[in-house]
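1. I would like the atomic coordinates for the input below:
(one chain, ligands or ions: 1)
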Amino acid sequence: MFATLSDRLADTFKNLRGKGRLSEADIDATAREIRIALLEADVALPVVKEFVAAVKERARGEEVSQALNPAQQIVKIVNEELVNILGGETRRLRFAKTGPTVIMLAGLQGAGKTTLAAKLALWLKEQGRTPMLVAADLQRPNAVQQLQVNGDRVGVPVFAPEPGNGVGDPVSVARASVEEAKRKLHDVVIIDTAGRLGVDAELMKQAADIRDAVRPDEVLFVVDAMIGQDAVTTAQMFLDGVGYDGVVLTKLDGDARGGAALSIASITGKPVMFASAGEKMTDFDLFHPDRMAGRILDMGDMLTLIEQAEKAFDEEESRKAAEKLATTGDFTLDDFLTQMQQIRKLGSMSKIMGMLPGMGQFREQLDNFDEREIDRIQAIIQSMTPAERANPKLIDGSRRARIAKGSGRQVSDVNQLVDRFFEARKMMQSMMRGGGVPGMPGMPG
Ligand code: GDP
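-> Okay, here's the model as predicted:
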């Protein structure tokens, strides 16, 4: 996401490096380049204009002329303006003070609403809430069933009209669902409403009727970021037709340019609250304007990485492994495997590395990183006996041949892994002794 924009802005800033003062011409040239970069990223024209004007004005002002390093000041200004157009502060969900919190989803068919409903439910569940999903999309054949499948995937119950009762009326279903949630003590109700392929009056009316019947705490407009400028147009129409409190961007993984993400908050005046970037149920999170801006400027997104690490890492496992290492100095192939699986839970290597600062220049290598490398290592370790994993010194030539055969790899792959393991172990052990350098030993390189 935002790859071209990041590269373009990086080039722009590079041209400023080493300059002690910025002339009027420097500022104009920079503004022009930023303008092109944003337009190429498919950002809506009014947003581009406003952005460039703000950067220009601030660049001319005191801020830069008195700065020691004008290039850094420009980066700072662009960063702040990016946070600004992305919506400013992170907007969190509002929960009802009493009774279930009602969240209603609206958007076009194919926007990713049904998938999003389940992702949101899982996200809430992980925070200790007890959500219920509601199938109020009675238009599209299979919509109810699809929500049920997704609900099963995340272990969240789905409220739907009884089959055989005719098509049913989405407004009554929505109303009944809130009563059901009260009875069954669900604290959040997520209502999936019908979408159409295009905006139409009937769709808007139905959504508005549901809204009036259940008075949601949050109405979220779900939109496919891949449709670029159309997302902005649709957002505006839904704002006029139904109204909503926040925007959810889906399919950000497929949106290389990022135009919708960069325009929608400015144009609609409604914050982007969540972003969904992938087919997996866990590819979903709150949208943080400041972190997103940091990513665009390749300042890294350490906060998200740390949060994801905290979520994915099994604290108990890590504690046990560290304790074992500290007391016995022992680190086995089983520990090695566990460590790798924990890193794996964070997501793909390229995604993890992409969140580190300054990794923009390695984008090509990251994109080409072969994720299967980790599967291969796993397969090799899993072809070893428990005794071999506990005591890798046992692994002699004939065992290596057997392991290679068992995992479908070459003996040289097994050799390489065993060598790498011993290296990692040496490093871990010297770390424990020296009390030092944190690192990720054993990462395939
Ligand atoms: P709905 O019609 O709005 O309910 O949309 P669906 O939830 O059925 O999603 C439409 C398609 O988009 C499905 O094939 C989903 O798997 C896919 N999809 C949903 N969210 C994402 C996402 O964040 N990334 C990607 N790549 N695909 C997604």
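2. Is E179 part of a helix or strand, or is it coil?
-> When classified by DSSP: H, G, I helix; E, B strand; the rest coil, E179 comes out as helix.
3. Near L286, how many other residues are there?
-> When counting by other CB atoms under 10 Å, one arrives at 16 neighbours for L286. From N, CA and C alone the C-beta is placed, and that goes for glycine too.
4. residues contacting it?
-> Counting by CB atoms under 8 Å, 6 or more residues apart in numbering, L286 makes contact with T90, R92, M273, F274, A275.
5. if we go to 7 Å?
-> T90, R92, M273, F274 (CB atoms under 7 Å, 6 or more residues apart in numbering).
6. Report the beta-bridge partners for it.
-> Counting by DSSP bridges, L286 is bridged to F274.
7. any idea how far the ligand is from it?
-> 15 Å (CB to the nearest ligand atom, to the nearest Å).
8. quick one on the thing from earlier: whichever of the contacts of L286 end up buried, select them in PyMOL.
-> Selecting the buried subset of the contacts of L286 in PyMOL, with 16 or more other CB atoms under 10 Å as the burial test, is done by:
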select buried, resi 90+273+274
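9. Can I get the contacts of L286 in CSV including pLDDT and distance to the ligand?
-> Formatted as CSV, the contacts of L286 follow (pLDDT from 0 to 100; distance: CB to the nearest ligand atom, whole Å):
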residue, pLDDT, distance to the ligand
T90, 93, 19
R92, 94, 20
M273, 96, 15
F274, 96, 10
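10. name the element I103 belongs to?
-> For I103, the element it lies in under DSSP states H and E is strand 101-106.
11. Report whether that strand contacts the ligand.
-> No: for strand 101-106, no contact with the ligand is found by CB under 6 Å from any ligand atom; the gap never falls below 8.4 Å.
12. And the contacts of that strand?
-> 95, 113, 116-117, 178, 187-193, 207, 210-211, 214, 216-222, 238, 242, 244.
13. near the ligand, which of these show up?
-> Restricting the contacts of strand 101-106 to those touching the ligand (CB under 6 Å from any ligand atom) yields K113.
14. Direction included, what does the strand holding I103 pair up with?
-> strand 188-193 (parallel), strand 218-224 (parallel).
15. Can you point out the buried residues in the helix or strand just after it?
-> Sequence order places helix 113-126 as the next helix or strand after strand 101-106, per DSSP H and E. Under the neighbour-count criterion of 16+ other CB under 10 Å, helix 113-126 has K113, T114, T115, L116, A117, A118, K119, L120, A121, L122, W123, L124 buried.
16. so the fifth one touches V189, yeah?
-> Which is A117. No: A117 is beyond contact range of V189, at 10.8 Å (criterion: CB atoms under 7 Å).
17. Could you give the separation of stretch 79-87 from the chain centroid?
-> Counting by CA atoms, centre = their mean, to the nearest Å, stretch 79-87 is centred 18 Å from the centre of its parent chain.
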